[in-house]
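Trainee: One predicted model, sequence on top.
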Amino acid sequence: MEKINSTYLKEFFGIDDSPEGEAELTEIKGKLKRMVFENGKDIITIDSDPDGMFFLESGTAVVLGRDGEQVNILHMGQYFGEYGVLAHQKRLTTVRSLGKTVAYKMESEDVLAFLSKHPDVYGDLMKRVYDQVSLKHSQILALSGMKRGILSHPSNAIPLSKKHVVIHYGLLLLFYVLAAILVPPETKQPVFLLPLVFLLVYVFITKRTLESLIASGILAAILVYRTGLFAGYTDALMATMASMDNVWTVLIMALMGAVVNLMICSGGVTAFEKSAQKFNNTKRGIFLSSLGIMAITSIDDGLNMLCASYSSHNPAKEKGIVREKLALFYSMLPTVLSSFFPLSLWGIFVIGTLSATIKKDTLFIFCKSIPFNFFSIIVVISMLLFGFGLLPKNKMLKEAEKRYEETGLLWPKGSEKYLSTRDTEVWGKISSVLLPILVLAVSSLAIRSIFTKSFAVDSAVGLTATLAFMFLLYIFRGIMSPEQFTERMIDGIAASTLPIILYLLTMCFSSLLDALNLASYFEEIIDIFDKIKFLLPCAAFIFATLLTIVLGSSWAMYAIAFPIVIGLTTYLHLDPIVFIGAVSAAGIAGEKNCPFTAEAVNIATAVGISPVAARKVRISYSIVLTVITALCYLGVGFFI
């Protein structure tokens with residue numbers, strides 16, 4: 001049955017059933033040109049002249065922004081291209097056929113000729129165009145703020161004045177000069193504390209993680225290499241990049257970024273909505289099905305949040321679940337669930353930072369530490385209770401439910417630009433996400449083991465095999481062309497650049513601290529710690545949590561804290577398993593308590609709530625759960 005039929009055209013153009021109307025309908029039909037587009041063919045191209053508007057008769061098309069990112073999805077019965085025609089402007093986006101599509105095109109002059117005779121229809125159409133463009137623009141602005149693992153603070157959006165630049169970096173240069181002059185080259189004092197404390201103070205003042213790591217690394221390099229600063233710091237960076245452990249971690253992060261981006265572009269994330277329908281008939285079912293979806297897609301905390309939020313978006317609206325509840329649930333669980341899966345991007349990063357201190361069996365040791373990641377375990381239990389309605393509500397949740405009862409509003413003020421404008425109609429297959437995850441798990445465990453004839457886990461091999469499988473699967477299904485697959489794979493790798501840089505800078509900084517005798521210093525103070533062994537797991541958790549809050553990133557903290565904590569346990573002859581679990585937990589707890597991480601924007605966009613509200617609803621729960629976790633580590637300390 002045709003979608004773009006007489007009924008559709010009458011409604012769109014405001015044509016009545018009079019003889020004059022029927023004559024106009026016949027004229028319009030004569031102006032429509034049927035066009036067929038194969039998979040991957042551009043229907044309209046960004047910056048091209050508007051030569052007409054289109055009505056999608058069958059198939060699916062994706063809307064791409066200037067950098068090739070997907071900003072919308074179009075289905076049969078929808079129209080596009082009207083903005084350029086009406087505003088006499090070049091195309092703002094590219095619309096590309098996803099699979100085979102059929103569309104009807106109406107030339108620009110024909111559209112404008114009809115609208116000139118019907119100003120009322122012109123006014124209605126312009127209003128629809130304005131509303132759509134405004135909403136899409138707001139959503140794109142929100143999505144553009146997503147940067148995994150990188151500190152994000154509103155104050156950094158304002159450029160520094162020339163005066164502030166001179167003062168800020170002049171003082172920084174002065175501090176460098178004084179450090180080089182006043183700190184003796186051969187001192188036995190704990191000089192490593194100077195760049196470490198400097199890092200904490202600098203990031204606390206500037207709220208800029210990457211700049212803080214670079215500035216602190218330069219200070220450490222000055223203390224190590226003195227006048228050979230530039231050559232020394234460059235050598236330290238090169239040594240960091242040459243380490244096989246770091247090469248492995250960077251490769252994994254890049255490949256994982258490619259896999260996750262391809263999964264998202266496959267459309268499979270939207271299919272979770274349909275799969276969860278039979279569980280989403282109650283409020284409890286919505287939360288529990290979301291938990292299940294996040295668990296099975298936990299290779300990436302952004303992916304599992306996206307899959308789960310798609311599945312719950314419409315049911316939560318129908319059941320009257322306020323956005324504050326969704327924000328709490330989705331802000332607490334994604335990273336927590338990823339922390340139980342060593343093949344997740346989070347797990348790979350932690351294992352990579354561990355490998356710089358523990359040179360062998362890192363994966364095995366990480367897996368043994370998972371039961372001691374008390375914060376993650378406590379969060380899962382708490383969110384299960386929350387899903388069943390058994391967790392006490394804080395003041396903000398109570399006020400939100402009262403607001404919904406009185407006004408019917410599911411979201412608080414200030415959330416308007418984060419309200420989702422996505423089309424949640426299912427256009428992908430759930431297997432496009434789950435099959436690659438299954439292949440990743442099996443190939444990571446099996447391929448290297450088969451060749452070496454002994455059990456070995458190699459996620460780099462697993463990811464390579466997974467990409468090959470995804471290529472065949474997506475091409476066979478007509479989801480994307482080989483060229484599109486390559487483009488989206490590269491886009492995913494590019495999206496991993498900032499986390500990779502963050503990792504390399506922190507590992508370089510950690511190596512410079514070692515060069516300043518960080519490890520050997522523990523030998524001199526071992527008697528102090530030996531008397532308070534029972535406090536150390538709790539102290540390690542609190543120290544790493546506070547460090548994460550100050551840095552605004554658990555990923556930066558891990559590379560700094562693991563060498564310190566594991567070095568201490570080595571000299572005290574303690575099993576490092578408990579401490580690795582404590583530091584791993586602290587990274588997640590710190591991000592949940594930090595007021596300025598980038599995570600809040602991710603949650604705001606996924607749920608449809610302001611980032612400020614997302615932070616406020618979470619903070620009271622995260623503080624309580626952090627205190628409970630600290631007490632658990634205090635109790636464990638009596639048994640080590």
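Mentor: Structure received.
Trainee: So residue 620 lies in a helix, does it not?
Mentor: Yes: applying DSSP: H, G, I helix; E, B strand; the rest coil, one finds residue 620 inside a helix.
Trainee: okay, and for the chain, where does confidence drop off?
Mentor: Scanning the chain for pLDDT under 70 picks out 1, 67, 69-71, 120, 122-158, 277-278, 416-427, 519-530, 596-601.
Trainee: change it to 50
Mentor: 130-131, 133-149, 421-426 (pLDDT under 50).
Trainee: tell me which element residue 34 falls in.
Mentor: Per DSSP states H and E, residue 34 falls inside strand 33-37.
Trainee: buried set for that strand?
Mentor: Residues residue 37 are the ones in strand 33-37 that count as buried (16 or more other Cβ atoms under 10 Å). (Glycine included, C-beta is placed from N, CA and C.)
Trainee: With stretch 46-65 instead?
Mentor: For stretch 46-65, using 16+ other Cβ under 10 Å, the buried residues are 50, 52-65.
Trainee: Also stretch 603-622?
Mentor: Neighbour-count burial for stretch 603-622, with 16+ other Cβ under 10 Å as criterion, is recorded at 603-611, 613-619, 621-622.
Trainee: Next, the distance between the ends of that stretch.
Mentor: Counting by Cα to Cα, to the nearest Å, you get 15 Å between the two ends of stretch 603-622.
Trainee: about what we covered before: from the buried residues of stretch 46-65, which ones fall inside strands?
Mentor: Among the buried residues of stretch 46-65, the ones falling in strands (DSSP state E) are 52-64.
Trainee: Out of those residues, which is nearest to residue 165?
Mentor: Nearest to residue 165 among those is residue 64, at 37.2 Å by Cβ to Cβ.
Trainee: Make sure the closest one is actually in contact with residue 96.
Mentor: Yes: if you go by Cβ atoms under 8 Å, residue 64 and residue 96 touch, sitting 6.1 Å apart.
Trainee: and residue 516, what does it touch?
Mentor: When contacts are counted by Cβ atoms under 8 Å, 6 or more residues apart in numbering, residue 516 touches 191, 192, 195, 220, 223, 224.
Trainee: Of the residues you listed, which belong to helices?
Mentor: Among the contacts of residue 516, the ones falling in helices (DSSP state H) are 195, 220, 223, 224.
Trainee: The third one and residue 195 touch, don't they?
Mentor: Yes: the pair formed by residue 223 and residue 195 meets the contact definition of Cβ under 8 Å, at 7.0 Å.
Trainee: all helices of the stretch 201-350 of the chain, in order?
Mentor: Assigned by DSSP state H, counting those that start in this stretch, the stretch 201-350 of the chain shows helices spanning 209-225, 229-242, 244-265, 272-275, 283-296, 301-318, 323-332, 334-338, 345-355.
Trainee: So which of the ones you listed is nearest residue 407?
Mentor: helix 323-332 (13.4 Å).
Trainee: helices or strands next to that closest one in the packing?
Mentor: Packing partners of helix 323-332 (3 or more Cβ pairs under 8 Å, 6 or more residues apart in numbering; DSSP states H and E): helix 283-296, helix 301-318, helix 374-387, helix 395-407, helix 599-607, helix 611-637.
Trainee: now, which of the ones in helices among the contacts of residue 516 sits nearest residue 401?
Mentor: Residue 401 lies nearest to residue 195 out of the ones in helices among the contacts of residue 516, by Cβ to Cβ, at 48.8 Å.
Trainee: Neighbours of the closest residue to the closest one other than its chain neighbours, how many?
Mentor: The shortest distance from residue 195 to any non-neighbouring residue, by Cβ to Cβ, 6 or more residues apart in numbering, is to residue 220 (4.0 Å). Residue 220: 30 surrounding residues under other Cβ atoms under 10 Å.
Trainee: Pull the contacting residues for residue 220.
Mentor: Residue 220 makes contacts with 192, 195, 509, 512, 513, 515, 516, as judged by Cβ under 8 Å, 6+ apart.
Trainee: same thing with residue 544?
Mentor: Contact partners of residue 544, counting by Cβ under 8 Å, 6+ apart, are 557, 561, 565, 582, 583, 586, 587, 590.
Trainee: next one: residue 94
Mentor: By Cβ under 8 Å, 6+ apart, the residues touching residue 94 are 42, 44, 45, 46, 63, 64.
Trainee: hmm, 6 Å instead?
Mentor: For residue 94, the contact set (Cβ atoms under 6 Å, 6 or more residues apart in numbering) comprises 42, 45, 46, 64.
Trainee: Between the helices of the stretch 201-350 of the chain, which one is closest to residue 437.
Mentor: Comparison of those against residue 437 by Cβ to Cβ identifies helix 283-296 as nearest, at 7.2 Å.
Trainee: That closest one vs helix 323-332, what angle?
Mentor: Counting by axes from the mean of the first three to the mean of the last three Cα atoms, to 10 degrees, helix 283-296 points 20 degrees away from the direction of helix 323-332.
Trainee: And helix 283-296, what's buried?
Mentor: Going by neighbour count (16+ other Cβ under 10 Å), the buried part of helix 283-296 is 283, 285-296.
Trainee: list the helices and strands it packs on?
Mentor: Under the contact criterion of 3 or more Cβ pairs under 6 Å, 6 or more residues apart in numbering; DSSP states H and E, helix 283-296 touches helix 301-318, helix 334-338, helix 374-387.
Trainee: now the angle between helix 301-318 and that helix, please.
Mentor: Using the same axes, to 10 degrees, helix 283-296 lies at 170 degrees relative to helix 301-318.
Trainee: can you give me the offset of helix 283-296 from its chain's centre?
Mentor: 19 Å (Cα atoms, centre = their mean, to the nearest Å).
Trainee: quick one, what contacts residue 616?
Mentor: Applying Cβ under 6 Å, 6+ apart to residue 616 gives the contacts residue 396.
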